[in-house]
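Visitor: Generate a structure from the sequence data that follows.
(one chain, ligands or ions: 1)
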Amino acid sequence: MTDSTRLSAHEVAAHFRTGDLSSRDATTAAIEAAERGNRALNAWLSIDRERALAEADAADARLRAAHASGAAAVGALHPLLGVPVALKDLVSIKGGQCTAGSRILEGYRAPYDAHVTERLRAVGAVIVGKTNMDEFAMGSSTEHSAFGPTANPWDLERVPGGSSGGSAAAVAAYHVPLAIGTDTGGSIRQPAALTGIVGMKPTYGRVSRYGIVAFASSLDQIGPFARDAQDAAALLHAVAGRDERDSTSAPVPVPDGLLHLTASDDEAAAGLRGKRLGLPKEYFVAGMEPGTEARVRAAVGALEAAGAIVEEVSLPHTDYGLAAYYIVAPAEASANLARYDGIRYGPAARDGDILANYLATRGAGFGDEVKRRIMLGTYALSAGYYDAFYVKAQKVRTLIKGDFDAVWAAGFDAIVAPTSPGVAFRFGAKMDDPVAMYLNDACTLPVNMAGLPGVSIPCGLADGLPVGLQFIGAPWTELGLLELARGYEALTEDAEWRALEPTDLALSLDPAVPTPVERTAVAGTRA
Ligand code: GLN
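Guide: This is a model prediction of the structure:
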């Protein structure tokens with residue numbers, strides 16, 4: 001039988017329907033792949049075999065019941081039923097760990113399921129485990145995890161991007177076909193780009209944040225990772241929609257089209273004809289790697305050749321996005337992280353008075369990047385600076401949103417752009433220079449600032465490493481963006497790079513290979 005870990009979620013689902021694969025077998029294969037690959041990749045912070053197999057057996061029971069009642073019942077099964085999925089380790093699972101990549105949450109057990117966990121359970125998806133991430137989702141490389149960095153299956157010496165690097169690596173390395181991440185300034189799209197998979201940040205308000213560890217509440221969005229647009233759409237469909245427990249989740253209907261994005265290649269490619277795409281000149285930023293720019297421009301050329309109408313557009317406030325984001329996000333983070341006081345969560349210092357315990361708990365529990373953000377944010381919100389920094393940044397945010405609004409008002413269907421200015425970089429390359437690290441998100445941050453949906457899809461390789469193409473849309477146009485993504489997939493179905501597997505995938509299964517912690521210790525990048 002074919003190795004089920006190589007199949008997409010919809011292919012796995014098709015095998016379930018013909019009865020030649022069980023969820024237990026698919027789940028066992030996923031767990032084994034994850035366990036085997038984790039030494040070299042450090043993509044997973046926990047794998048829960050027992051729970052996953054129990055969920056798989058429950059899914060198999062539902063599959064058997066459907067088979068017993070006939071073709072209509074089988075046809076009505078949810079496409080994610082029985083399919084293995086990974087969750088970033090900031091999504092609550094009742095009774096399970098939820099570290100958010102931080103020592104300060106080590107040993108903490110979530111008392112309830114997140115909204116997305118409930119939704120995944122409801123459709124019968126199988127949660128295999130929790131994935132590595134930058135501490136509190138602050139970072140672009142997963143090197144800021146307190147539990148060591150994650151490696152990129154395309155090159156074990158390189159980062160997978162971040163902050164959802166564990167989820168991206170687990171999907172790219174064929175452990176699971178699907179994973180959940182969060183994106184505050186690029187943390188789904190950028191790691192998707194750097195590992196050669198699909199990652200979508202939905203419209204702000206599309207997915208309830210109930211039960212997710214908060215970073216910057218006005219920017220955070222939950223979204224899917226997958227190896228193709230159809231799978232990403234089905235996962236988004238499963239978790240999207242209004243939830244009373246998150247007042248920012250919007251009562252906007254979730255399009256049914258997301259559930260089965262099943263156009264044929266010809267239909268999908270034909271759908272590109274006449275689409276108006278804006279190419280923002282400001283997104284080809286100074287310092288962009290030539291190989292990445294060449295791949296993105298070639299992809300845009302292919303879209304044009306397929307009948308899309310591509311016109312250059314200007315988003316004039318792009319340059320201010322980074323500075324404004326690094327006021328707003330740390331300000332909100334400093335408020336959100338005040339709750340880690342040594343009383344309510346995780347490990348705590350207990351031998352001094354209240355203030356001494358508080359300082360000792362936070363001093364030992366938070367890593368350097370988190371402390372940097374708390375200091376930045378507290379400063380920006382302090383009396384006397386609030387108007388100069390925070391209020392000013394919010395005004396800039398309005399201007400950034402206005403830039404995008406003008407593009408939609410001019411009748412464009414979407415914006416097409418690079419996801420990241422370069423390919424996956426080496427461990428340690430940007431750790432001593434926070435601003436260089438922040439610049440990775442120049443093409444993704446503005447999308448969060450404006451609350452818009454964006455998707456990154458693979459568009460080939462530069463220097464042997466994956467490059468991401470980004471589609472950005474008006475609010476609530478996720479279906480349209482994923483159809484564009486599907487169209488591009490159809491155009492490039494036979495491209496040579498599509499058939500390549502991550503270069504270091506085989507090496508990642510070698511039990512003798514050093515762990516990312518060992519690698520980076522040798523490189524001298526970590527204490
Ligand atoms: N890299 C950005 C940051 O460090 C975005 C992170 C994210 O999207 N969670 O804030």
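Visitor: tell me what the helix or strand that contains V116 is packed against?
Guide: Taking DSSP states H and E as the criterion, V116 maps to helix 115-123. Other helices and strands packing on helix 115-123, by 3 or more Cβ pairs under 8 Å, 6 or more residues apart in numbering; DSSP states H and E, are strand 84-88, strand 126-131, helix 229-239. Quick note: C-beta positions are derived from backbone N, CA and C, even for glycine.
Visitor: tell me what the shortest one is packed against?
Guide: Identification of packing neighbours for strand 84-88 by 3+ Cβ pairs under 8 Å, 6+ apart yields helix 23-41, helix 115-123, strand 126-131, helix 165-172, strand 178-183.
Visitor: Go through these and name the closest to the ligand.
Guide: strand 178-183 (4.9 Å; Cβ to the nearest ligand atom).
Visitor: partner strands of that closest one, parallel or antiparallel?
Guide: strand 84-88 (parallel), strand 221-226 (antiparallel) (DSSP bridges).
Visitor: So for the longest one, mean pLDDT?
Guide: Mean pLDDT, computed over strand 221-226, is 98.
Visitor: what about it and the ligand, touching?
Guide: No - using Cβ under 6 Å from any ligand atom, strand 221-226 never reaches the ligand; the gap is at least 8.9 Å.
Visitor: now that strand and helix 229-239, what's the angle there?
Guide: 140 degrees (axes from the mean of the first three to the mean of the last three Cα atoms, to 10 degrees).
Visitor: Off-centre distance for strand 221-226?
Guide: 5 Å (Cα atoms, centre = their mean, to the nearest Å).
Visitor: where's A26 relative to H67, distance?
Guide: Here the criterion is Cβ to Cβ, to the nearest Å. By it, A26 lies 16 Å from H67.
Visitor: Which residues of the stretch 201-350 of the chain lie near the ligand?
Guide: By the rule Cβ under 6 Å from any ligand atom, the part of the stretch 201-350 of the chain lying against the ligand is F215, A329.
Visitor: All the helices of the stretch 201-350 of the chain, residue numbers only.
Guide: 229-239, 265-270, 290-305, 318-336 (DSSP state H, counting those that start in this stretch).
Visitor: Would you mind giving those as JSON lines with mean neighbour count added?
Guide: Converted to JSON lines, the helices of the stretch 201-350 of the chain look like this (neighbours: other Cβ atoms under 10 Å):
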{"stretch": "helix 229-239", "mean neighbour count": "27"}
{"stretch": "helix 265-270", "mean neighbour count": "16"}
{"stretch": "helix 290-305", "mean neighbour count": "17"}
{"stretch": "helix 318-336", "mean neighbour count": "21"}
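Visitor: Return the per-residue confidence for the spatially closest residue to A294 that is not a sequence neighbour.
Guide: Spatial nearest neighbour of A294, chain neighbours left out: A462 (6.9 Å); criterion: Cβ to Cβ, 6 or more residues apart in numbering. With respect to pLDDT, A462 has a value of 98.
Visitor: So A462 sits against V296, correct?
Guide: No - contact between A462 and V296 fails when scored by Cβ atoms under 8 Å: they sit 9.4 Å apart.
Visitor: For A214, grab phi and psi.
Guide: Torsion angles at A214 (phi, psi; degrees, to the nearest 10) stand at phi -80, psi 140.
Visitor: Can you give me the neighbour number for it?
Guide: The tally of other residues near A214 (other Cβ atoms under 10 Å) stands at 19.
Visitor: Can you tell me how far it is from the ligand?
Guide: 11 Å (Cβ to the nearest ligand atom, to the nearest Å).
Visitor: Kindly report the same for E135.
Guide: According to Cβ to the nearest ligand atom, E135 stands 10 Å off from the ligand.
Visitor: now do T5
Guide: From T5 to the ligand the distance is 27 Å (Cβ to the nearest ligand atom).
Visitor: about what we covered before: quick one: residues contacting the residue nearest to A294.
Guide: E289, G291, T292, A294, R295, V423 (Cβ atoms under 8 Å, 6 or more residues apart in numbering).
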